[in-house]
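# predicted model, plus sequence, below.
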Number of protein chains: 2
Amino acid sequence: MTIYDIAKACDVSIATVSRVLNGSTKVSPKTREKVLSAMNEQNYTPNPFARGLGLNSMKMIGILCTDVSDAYFAKAVSLVERDLRKRGLDVILSCTGNELSHKKKYLQLLLSKHVDAIILIGSPFREEMDNSHLEEAAKKLPIITINGLIERPNIYSIICDEKDGVRRSVELLAKEGHKSILYLYDSLTYSGKQKLEGYHLAVETYGLDKNPALVQRIPRTLTAADLIAAENITQQLIENKIPFSAIIASEDLLAIGAQKALTAFGKNKRKHIPVIGCNNSVLAECSTPSLTSMDNRLDVLCPAAVETLTKILTGDVDLIPSKTIFPPLLIARDSYQPRKE
Amino acid sequence: MTIYDIAKACDVSIATVSRVLNGSTKVSPKTREKVLSAMNEQNYTPNPFARGLGLNSMKMIGILCTDVSDAYFAKAVSLVERDLRKRGLDVILSCTGNELSHKKKYLQLLLSKHVDAIILIGSPFREEMDNSHLEEAAKKLPIITINGLIERPNIYSIICDEKDGVRRSVELLAKEGHKSILYLYDSLTYSGKQKLEGYHLAVETYGLDKNPALVQRIPRTLTAADLIAAENITQQLIENKIPFSAIIASEDLLAIGAQKALTAFGKNKRKHIPVIGCNNSVLAECSTPSLTSMDNRLDVLCPAAVETLTKILTGDVDLIPSKTIFPPLLIARDSYQPRKE
DNA sequence: GTGAAAGCGCTAACAT
DNA sequence: ATGTTAGCGCTTTCAC
């Protein structure tokens, strides 16, 4: 079933069929109708390869992310995919893992597939890392980053102001009298750095305890091992009598681990130690007590990313914001209820 | 940069270039070398559309799943994607949601994109549901289902024997003296039915309590709401004095909800009520106490699915098993430790 | 408004 | 072992 068959059936040329296929106005309503119904009857679908050859596009967007099995990335992929599909764009998914060489390789692969654009999910690309491959790629097609910032031509960043989010969380705690706040984090991606800076900023502003033991890094594996690691570290800090009266973690998983340590020590019974996570994943709900968490608004970032992408693909690139920033949202649950003002 | 440029640069014909591109043996090592290095220098990549046009394939596999934001599906997608990519196959991801009309539509979309095969993840397609669209699609390309069973030509199912898994879990509990075992489930997909049957089977075998209140269905939303629902139902059962001494749930999320209810009532303190979940997701680790869970071996099913797919795509279809079944694995954690024999 | 025809970059059958 | 050439199904000038 090709354009030729339809043309023959309608007694018109393939050019005309192609025109109705592409919604050209230069077709009489009558012919259009005839062709359309023929297509319907024979239930014809245009060959995407042939189309791609001519247009050099298959209406496909490449999604690059470190690992969809991570709840956070999975949610983002899900939201982005849904919105892209609404606009008739398909999604090629490519999970790179954490190795830079893989990231480069998969980026090349995506480029060689002639995708129309690339969406980078999460902030797998650390600032200190070599981003030249992205810069290079951006010369060929637009790149959108979701919650990662790369300021280069033809790269558009949709981000959540997590720095301010963490800063405000610490602020809330500080205003309630907490002086020593434990901060657990996993990685120094763009997002990770922002959060850490937010913590430091508030510590500075409110003159909080600067004991270096209060800032703990837990190597990220994106598995339950991170939880255990956070639990162990928190346990050690308690055993070593490092004083702290509240905990903030850059990831729900870490926060939950910390909370487990608290629970194990019965600390949570004697004196309530607030715990705040980030990402507001399902995990937050699963923890006991349920975890207060900073939502970084994937539900807003992802549609915004697709929106921006659509504008780029269809419209005037000069009118597109290169950076779009949304505020985070603190979702209060049992592990910490901000005192009402 | 086309095959013509390379041909010119090497002073050979495009056919020769095409041959080295496709690894034909009928090229002298010398010419091959010349062409290869020219490709490298000019850093040429073949146009996938032109290639697709000729071969009617772009080496792309469609993945159909209800929702990647669900941890279980996400893990499967992740595992499948990785293995497919290893073999040079790309992945078009398509999330359908739960509406049948969407499933049909997205399946058609995938077909119209001329993917080489389709992998169905999870068992979103209920048995009682109309599967004719899949049957129809299978006439055009091979379909692999992961943890879903459809017995039709050109549809290959890779499944985990969850029925036996649940049966054995109930058996373990029965042998330890439990008579009334609460079973929480969410959906009646293929997988859901299998588990439920496993429960009933063991109840029958061991003459356990058949009180219908012990089998509770919680409408599935795949969100934290399911957890709350499970918690509420368990709470009600306790309040209504429905006797049960152990809980099994078809999903970790539900098990965790149930466990929360137990914890809230302090039941877990007085008398330890074993809780067993299914899927062995990260959630299991996050719960307190950590959740014993039946792992349905995505880590094995997914590679097996890709393996089967590869065989189909390259080899003799007659030698491919239409059904491949793996045993599940009970991962013991704090919520239930099977008594050693 | 419509048709004829020239590509798009590649594969594969057929020659040599 | 290598070259020639006819498609693959569509888009897009360019005529009419």
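Thanks, I have it. What you see is a predicted model, and the numbers here were worked out from it, not measured in a lab. Numbers count the residues shown, from 1 in each chain, chains lettered A, B, ... in the order given.
# so which residues of chain A form helices?
Using DSSP state H, the helices found in chain A span residues A:3-10, A:14-21, A:29-42, A:48-55, A:71-86, A:100-112, A:132-137, A:162-175, A:190-205, A:224-239, A:252-264, A:267-270, A:282-286, A:298-314.
# with mean neighbour count and distance to chain B added, can I get those in TSV?
Just so you know, the C-beta spots here come from the backbone N, C-alpha and C atoms, and that holds for glycine as well. Formatted as TSV, those follow (neighbours: other C-beta atoms under 10 Å in any protein chain shown; distance: least, C-beta to the nearest C-beta, whole Å):
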stretch	mean neighbour count	distance to chain B
helix A:3-10	18	13
helix A:14-21	18	13
helix A:29-42	14	12
helix A:48-55	17	3
helix A:71-86	23	4
helix A:100-112	17	4
helix A:132-137	17	11
helix A:162-175	21	20
helix A:190-205	20	19
helix A:224-239	19	4
helix A:252-264	26	5
helix A:267-270	12	11
helix A:282-286	26	4
helix A:298-314	20	10
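# can you flag the weakest of those by average pLDDT?
Looking over those, mean pLDDT reaches its minimum on helix A:267-270, with a mean of 52.
# and stretch A:142-160, which residues are buried?
Judged by neighbour count (16 or more other C-beta atoms under 10 Å in any protein chain shown), stretch A:142-160 contains these buried residues: A:142-150, A:152, A:154-160.
# that stretch and chain B, any residue contact?
No. Counting by C-beta under 8 Å from any C-beta of the partner chain, chain B has no neighbours in stretch A:142-160; the shortest distance is 14.4 Å.
# give me the distance from that stretch to the chain's centre.
11 Å (C-alpha atoms, centre = their mean, to the nearest Å).
# before we move on, what about stretch A:278-291?
18 Å.
# then stretch A:186-193?
With C-alpha atoms, centre = their mean, you get 13 Å for stretch A:186-193.
# now stretch A:304-324
17 Å.
# that one vs DNA strand D: in contact?
No. Residues of stretch A:304-324 are not located near DNA strand D by C-beta under 7 Å from any atom of the strand, the shortest gap being 14.1 Å.
# in a markdown table: the helices of chain A, plus distance to residue B:297.
Output for the helices of chain A, formatted as a markdown table (distance: least, C-beta to C-beta, whole Å):
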| stretch | distance to residue B:297 |
| --- | --- |
| helix A:3-10 | 47 |
| helix A:14-21 | 46 |
| helix A:29-42 | 45 |
| helix A:48-55 | 35 |
| helix A:71-86 | 20 |
| helix A:100-112 | 26 |
| helix A:132-137 | 36 |
| helix A:162-175 | 36 |
| helix A:190-205 | 33 |
| helix A:224-239 | 17 |
| helix A:252-264 | 23 |
| helix A:267-270 | 36 |
| helix A:282-286 | 22 |
| helix A:298-314 | 30 |
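# dump those into a markdown table; add distance to DNA strand C as well.
Below are the helices of chain A laid out as a markdown table (distance: least, C-beta to the nearest atom of the strand, whole Å):
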| stretch | distance to DNA strand C |
| --- | --- |
| helix A:3-10 | 7 |
| helix A:14-21 | 3 |
| helix A:29-42 | 4 |
| helix A:48-55 | 4 |
| helix A:71-86 | 26 |
| helix A:100-112 | 10 |
| helix A:132-137 | 19 |
| helix A:162-175 | 43 |
| helix A:190-205 | 36 |
| helix A:224-239 | 44 |
| helix A:252-264 | 45 |
| helix A:267-270 | 64 |
| helix A:282-286 | 45 |
| helix A:298-314 | 21 |
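# tell me which of these sits nearest to residue B:299.
helix A:224-239 (14.2 Å; C-beta to C-beta).
# only C-alpha atoms, please: export that closest one in PDB.
Extracted in PDB, the C-alpha atoms of helix A:224-239 (Å, rounded to 0.1, in the frame of the first residue of the first chain):
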ATOM      1  CA  ALA A 224      18.600   0.500  48.000                       C
ATOM      2  CA  ALA A 225      22.200   0.400  49.000                       C
ATOM      3  CA  ASP A 226      22.100   4.200  49.300                       C
ATOM      4  CA  LEU A 227      19.400   3.900  51.900                       C
ATOM      5  CA  ILE A 228      21.500   1.500  53.900                       C
ATOM      6  CA  ALA A 229      24.500   3.800  53.600                       C
ATOM      7  CA  ALA A 230      22.500   6.800  54.800                       C
ATOM      8  CA  GLU A 231      21.200   4.700  57.700                       C
ATOM      9  CA  ASN A 232      24.700   3.600  58.700                       C
ATOM     10  CA  ILE A 233      26.200   7.100  58.500                       C
ATOM     11  CA  THR A 234      23.400   8.600  60.600                       C
ATOM     12  CA  GLN A 235      23.800   5.800  63.100                       C
ATOM     13  CA  GLN A 236      27.500   6.500  63.400                       C
ATOM     14  CA  LEU A 237      26.900  10.200  63.900                       C
ATOM     15  CA  ILE A 238      24.500   9.400  66.700                       C
ATOM     16  CA  GLU A 239      27.000   7.000  68.200                       C
END
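# and it with helix A:252-264, angle?
Counting by axes from the mean of the first three to the mean of the last three C-alpha atoms, to 10 degrees, helix A:224-239 lies at 40 degrees to helix A:252-264.
# packing partners for helix A:224-239?
strand A:181-185, helix A:252-264, helix B:282-286 (3 or more C-beta pairs under 8 Å, 6 or more residues apart in numbering or on different chains; DSSP states H and E).
# contacting residues for the nearest residue to residue A:328 once chain neighbours are set aside?
Using C-beta to C-beta, 6 or more residues apart in numbering or on different chains and skipping residues adjacent in sequence, the residue nearest residue A:328 is residue A:165, 3.4 Å away. Residues counted as contacts of residue A:165 (C-beta atoms under 8 Å, 6 or more residues apart in numbering or on different chains) are A:195, A:198, A:278, A:294, A:296, A:327, A:328, A:330.
# drop anything exposed from those residues.
A:195, A:198, A:278, A:294, A:296, A:328, A:330.
# what residues sit buried inside stretch A:56-63?
Quick answer for stretch A:56-63 (16+ other C-beta under 10 Å): A:58, A:59, A:60, A:61, A:62, A:63.
# quick check: closest non-adjacent residue to the third one.
This points to residue A:60. residue A:90 (4.5 Å).
# count the residues that sit near the one you found.
By the criterion of other C-beta atoms under 10 Å in any protein chain shown, residue A:90 has 23 neighbours.
# in this structure it contacts residue B:95, no?
No. The pair residue A:90 / residue B:95 is not scored as a contact, 11.9 Å apart, by C-beta atoms under 8 Å.
# and the least confident of the buried residues of stretch A:56-63?
Out of the buried residues of stretch A:56-63, that is residue A:58, at 89.
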